[in-house]
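Novice: Provide a 3D model corresponding to the input given below.
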Amino acid sequence: MTRLLPLLAVLTALAPLSVDIYTPSLPAMQDELGGADWLAQASITTFLLGIGIGQLVWGPLSDRHGRRPVVLAGVAGWTVASLLSALAFSPEMLVGVRLLAGLCGAAGIAVARSIVRDVSDDTSTMASRIGMLAMVTALAPVLAPVLGAGLAHVWGWRADFVTLAGLGGVIVLLFSLAVPETLPREHRTPGGPSSVVRALARAAHHREVRGAALSLGVHSFGFYAYIASASFIVERELGHPPAVFALVFGTNAVAVILGNTVFRRAVRSLHPAGPLGVGYALCTIAGLGLLIAASGSGAPAGVLWACAMVYAFGQGLVLPGAHSWGQTTVVASGAASALTGSAQFLGGVLGSPMTGLIGISAAHLGAVLAAASGAAGAVWLLTRSSLSPSPTPASSI
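Specialist: Residues are numbered from 1 along each chain as shown. The predicted structure follows:
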């Protein structure tokens with residue numbers, strides 16, 4: 001399993017890589033392709049929407065047909081869509097192919113967690129490995145813009161998508177050569193196309209899976225609002241140069257990694273839902289702190305940064321905690337992964353424009369973060385009492 005983790009980590013990082021690698025090039029793309037200002041931004045929204053919806057299909061399909069064919073088909077489609085993005089001649093074409101890229105890329109994201117469950121002997125090992133995948137996913141948004149900006153500076157914005165297509169080709173090759181099928185035929189879900197709907201319905205009716213997915217979706221509403229508005233707050237409201245925002249984002253990534261490390265140590269003896277609840281509490285406290293500090297006059301920038309660091313640390317507990325919680329149940333792995341993963345990205349689609357609608361400010365962002373994470377914590381409180389005795393993951397597929 002150790003040799004598979006890096007490849008699975010790349011699969012789960014496809015979403016942030018696919019978006020953040022070309023965000024520095026959005027103005028250049030807008031200048032070349034033309035169209036309304038919202039069309040370039042819509043390419044991000046439609047991609048996230050595709051990621052959210054696609055997981056609802058690919059996850060149950062992997063329970064029915066196995067992990068390998070689903071990942072290979074999905075990543076191959078994502079590769080083609082990335083290449084088409086490089087060839088886009090209008091903003092409308094770009095938006096359409098980014099939706100296709102999201103729908104296809106969702107396969108690797110959903111199935112990677114299921115593969116971890118397939119090959120893990122116990123819950124603590126599985127949760128620790130999912131935590132490792134989440135850590136790589138957290139690093140991708142920090143590294144991808146730097147890579148994308150460098151590529152675009154030398155070869156133009158289309159080079160970002162050519163790079164993604166090349167990465168997809170490498171993933172398909174390595175996955176086909178190095179990753180065996182991990183779901184035995186006797187453990188697969190029977191049925192035809194309607195079995196996808198039935199599998200999702202069974203997963204949604206399971207209280208723990210529903211709690212993990214709903215709480216993560218509500219929390220992600222706030223998290224993506226933070227991602228969408230942080231640069232505006234640092235650079236416009238606080239008046240700092242872009243280099244300061246890069247420093248803030250970089251230190252946030254360190255805090256996420258620290259939280260993730262604590263999670264992986266904690267699940268050696270605790271159910272994953274335990275650290276998850278702590279993460280929701282920390283994120284709520286951070287949001288309230290940001291709201292209170294920013295509502296006053298002349299709040300020190302260091303206080304606002306500290307609130308962001310606490311929130312990022314909590315995020316390091318939340319992502320692996322929610323996804324691991326869904327995988328500790330007796331629900332089919334692909335369906336459980338589909339629900340938690342879909343909730344994460346669909347919550348992000350709804351949350352990313354929120355601060356823009358109510359006005360981008362540190363105080364407004366604090367209110368959104370506190371409300372979203374507080375509501376997620378309430379869902380966690382309502383569902384945690386039914387925690388299962390943590391079945392052996394590989395035996396409960």
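
Novice: Distance check, the nearest residue to Thr251 once chain neighbours are set aside against Gly302.
Specialist: Leaving aside its chain neighbours, Thr251 sits nearest to Met309 (6.5 Å; criterion: C-beta to C-beta, 6 or more residues apart in numbering). Glycine gets a C-beta too; all of them are placed from N, C-alpha and C. Using C-beta to C-beta, to the nearest Å, one gets 10 Å for the distance from Met309 to Gly302.

Novice: So for these two, which residue has more residues nearby?
Specialist: Met309 (18 against 9; other C-beta atoms under 10 Å).

Novice: Where does that one sit, in terms of helix or strand?
Specialist: Element membership for Met309 (DSSP states H and E) is helix 301-327.

Novice: now that helix: how far from the chain's centre is it?
Specialist: How far helix 301-327 lies from its chain's middle: 13 Å, per C-alpha atoms, centre = their mean, to the nearest Å.

Novice: Ok, stretch 66-85 next?
Specialist: 18 Å.

Novice: With only the CA atoms kept, save that stretch in CSV.
Specialist: What follows is stretch 66-85 as a C-alpha-only set of coordinates in CSV (Å, rounded to 0.1, in the frame of the first residue of the first chain):
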residue,chain,number,x,y,z
GLY,A,66,-14.5,-2.5,-9.7
ARG,A,67,-12.1,0.4,-9.0
ARG,A,68,-9.6,0.1,-11.9
PRO,A,69,-12.0,0.6,-14.9
VAL,A,70,-13.7,3.5,-13.2
VAL,A,71,-10.5,5.4,-12.4
LEU,A,72,-9.0,4.7,-15.9
ALA,A,73,-12.1,5.8,-17.7
GLY,A,74,-12.5,8.9,-15.5
VAL,A,75,-8.9,10.1,-15.7
ALA,A,76,-8.7,9.4,-19.4
GLY,A,77,-11.8,11.7,-19.9
TRP,A,78,-10.2,14.3,-17.6
THR,A,79,-7.1,14.2,-19.7
VAL,A,80,-9.0,14.8,-22.9
ALA,A,81,-11.0,17.6,-21.3
SER,A,82,-7.8,19.2,-20.1
LEU,A,83,-6.4,19.1,-23.7
LEU,A,84,-9.6,20.6,-25.1
SER,A,85,-9.3,23.4,-22.5
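
Novice: avg pLDDT for it?
Specialist: Taken as a whole, stretch 66-85 has a mean pLDDT of 96.

Novice: By mean pLDDT, flag the weakest helix or strand of this structure.
Specialist: Of all the helices and strands that make up the chain, helix 354-358 has the lowest average by mean pLDDT, DSSP states H and E, namely a mean of 77.

Novice: Can you pull the poorly scored residue ranges out of this structure?
Specialist: The model of the chain has pLDDT under 70 over residues 1-2, 36-41, 385-397.

Novice: ok so, going back, so after the helix holding Met309, what's the next helix or strand?
Specialist: Using DSSP H and E, the helix or strand that directly follows helix 301-327 along the chain is helix 333-351.

Novice: ok, now which ones touch the residue nearest to Thr251?
Specialist: For Met309, the residues meeting the contact criterion (C-beta atoms under 8 Å, 6 or more residues apart in numbering) are 251-252, 255.

Novice: again with Glu237
Specialist: Counted by C-beta under 8 Å, 6+ apart, Glu237 has contacts 360-362.

Novice: Which residue, neighbours along the chain excluded, lies closest to Leu346?
Specialist: Nearest non-adjacent residue to Leu346, counting by C-beta to C-beta, 6+ apart: Gly52, 3.9 Å away.

Novice: Next up, the contacts around Arg67.
Specialist: 111, 114-115, 118, 179, 181-183.

Novice: Show me which of the residues you listed are buried.
Specialist: Of all the contacts of Arg67 considered here, the ones buried according to neighbour count by 16 or more other C-beta atoms under 10 Å are 111, 114-115, 118, 179, 182-183.

Novice: which one in this protein is furthest away from the centre?
Specialist: With distances taken from the mean C-alpha point of the chain and given as C-alpha atoms, centre = their mean, the most distant residue is Ser297, at 35.0 Å.

Novice: Ala370 versus that one, what's the distance?
Specialist: The separation that Ser297 has from Ala370, given C-beta to C-beta, amounts to 20 Å.

Novice: do the same with Ala9
Specialist: 31 Å.

Novice: Looking at the two, which is more packed in?
Specialist: Applying other C-beta under 10 Å to Ala9 and Ala370 shows that Ala370 carries more neighbours, namely 22 against 19.

Novice: How far does the helix or strand hosting the more buried one sit from its chain's centre?
Specialist: If you go by DSSP H and E, Ala370 is part of helix 362-383. Between the centre of helix 362-383 and the centre of its host chain there is 18 Å, according to C-alpha atoms, centre = their mean.

Novice: Can you show me the CA trace of it as CSV?
Specialist: These are the backbone C-alpha positions of helix 362-383, laid out as CSV (Å, rounded to 0.1, in the frame of the first residue of the first chain):
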residue,chain,number,x,y,z
ALA,A,362,-13.2,40.3,7.2
ALA,A,363,-16.2,40.7,9.5
HIS,A,364,-18.6,39.2,7.0
LEU,A,365,-16.2,36.3,6.3
GLY,A,366,-16.0,35.7,10.1
ALA,A,367,-19.8,35.5,10.3
VAL,A,368,-20.0,33.1,7.4
LEU,A,369,-17.2,30.9,8.9
ALA,A,370,-18.8,30.8,12.3
ALA,A,371,-22.3,30.1,11.0
ALA,A,372,-21.1,27.3,8.6
SER,A,373,-18.8,25.5,11.0
GLY,A,374,-21.2,26.0,13.9
ALA,A,375,-24.0,24.4,11.9
ALA,A,376,-21.7,21.6,10.9
GLY,A,377,-20.9,21.0,14.5
ALA,A,378,-24.6,20.9,15.3
VAL,A,379,-25.1,18.1,12.7
TRP,A,380,-22.1,16.3,14.2
LEU,A,381,-23.6,16.5,17.7
LEU,A,382,-26.9,15.1,16.4
THR,A,383,-25.3,12.1,14.7
